[in-house]
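> my questions are about this predicted structure, shown below with the sequence.
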Amino acid sequence: MWKEFKEFSLRGNALELAIGVIMATSFQPIVKSLVDDIIMPPIGMIAGKVDFKDKFIALDGVEYKSLDEARKVSAPVIGYGQLINTVINFFIIAFCVFLIVKAMNRMKRAEAEAPKDPPAQEKLLAEIRDLLKAKA
């Protein structure tokens, strides 16, 4: 059983999947920072100095100064601003994954198209054939 598990876990797909999960987990904070600190501030400025992560709708009809204030009093809120940030995060990560998959597919196609050397037996037979032709 240990041998089977070892073969499974060291097989290419399982190992690649594990590496992918680790890379994605470590990549997420970078994308979040990119969206929160680089992309959203200019969009918020264009939209009238709005910080999207603080955009919300209070369902109880009371106006709150901030999302934090509404949450402190346990008001029911729809935090649509954070959803906007999360959707942008998703699209950035999806685009990065698309680029990685596209590059991997290109590399696999290049490997498949590369001519393989014939086996040693075929090479030897070809040499014998060429020698016989040269003698004739």
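Looks like it arrived, so ask away.
> any weak-confidence spans in this structure?
8-12, 50-51, 114 (pLDDT under 70).
> which helix in it runs the most residues?
helix 80-113 (DSSP state H).
> that one packs against which elements?
helix 12-33 (3 or more CB pairs under 8 Å, 6 or more residues apart in numbering; DSSP states H and E). For every residue, glycine as well, the C-beta is placed using N, CA and C.
> helix or strand: which one has Glu127?
Assigned by DSSP states H and E, Glu127 belongs to helix 120-135.
> show me what that helix is in contact with.
Asp117, Pro118 (CB atoms under 8 Å, 6 or more residues apart in numbering).
> give me the distance between it and the centre of its chain.
51 Å (CA atoms, centre = their mean, to the nearest Å).
> begin at 334 from here
New numbering, starting at 334: the last item is helix 453-468.
> coming back round to it: tell me the angle the longest helix of the chain makes with helix 345-366.
140 degrees (axes from the mean of the first three to the mean of the last three CA atoms, to 10 degrees).
> how about helix 413-446: buried residues?
By neighbour count on 16 or more other CB atoms under 10 Å, the buried set for helix 413-446 is Gly414, Ile417, Asn418, Ile421, Asn422, Ile425, Ile426.
> my guess is the fifth one contacts Pro362, does it?
What it means is Asn422. No. Between Asn422 and Pro362 there is no contact under CB atoms under 8 Å: 10.4 Å.
> so what's Ile352 up against?
By CB under 8 Å, 6+ apart, Ile352 has no neighbours at all.
> just to revisit the earlier point, just the C-alpha atoms of the helix holding Glu460, please, in CSV.
Extracted C-alpha coordinates of helix 453-468, given in CSV (Å, rounded to 0.1, in the frame of the first residue of the first chain):
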residue,chain,number,x,y,z
ALA,A,453,19.5,2.1,-32.4
GLN,A,454,18.3,-1.0,-34.3
GLU,A,455,16.9,1.1,-37.1
LYS,A,456,20.1,3.2,-37.3
LEU,A,457,22.1,0.1,-37.6
LEU,A,458,19.9,-1.4,-40.3
ALA,A,459,20.1,1.9,-42.2
GLU,A,460,23.9,1.9,-42.0
ILE,A,461,24.0,-1.7,-43.3
ARG,A,462,21.6,-0.8,-46.1
ASP,A,463,23.8,2.2,-47.1
LEU,A,464,27.0,0.0,-47.0
LEU,A,465,25.3,-2.6,-49.2
LYS,A,466,24.2,0.1,-51.7
ALA,A,467,27.8,1.5,-51.8
LYS,A,468,29.2,-2.0,-52.7
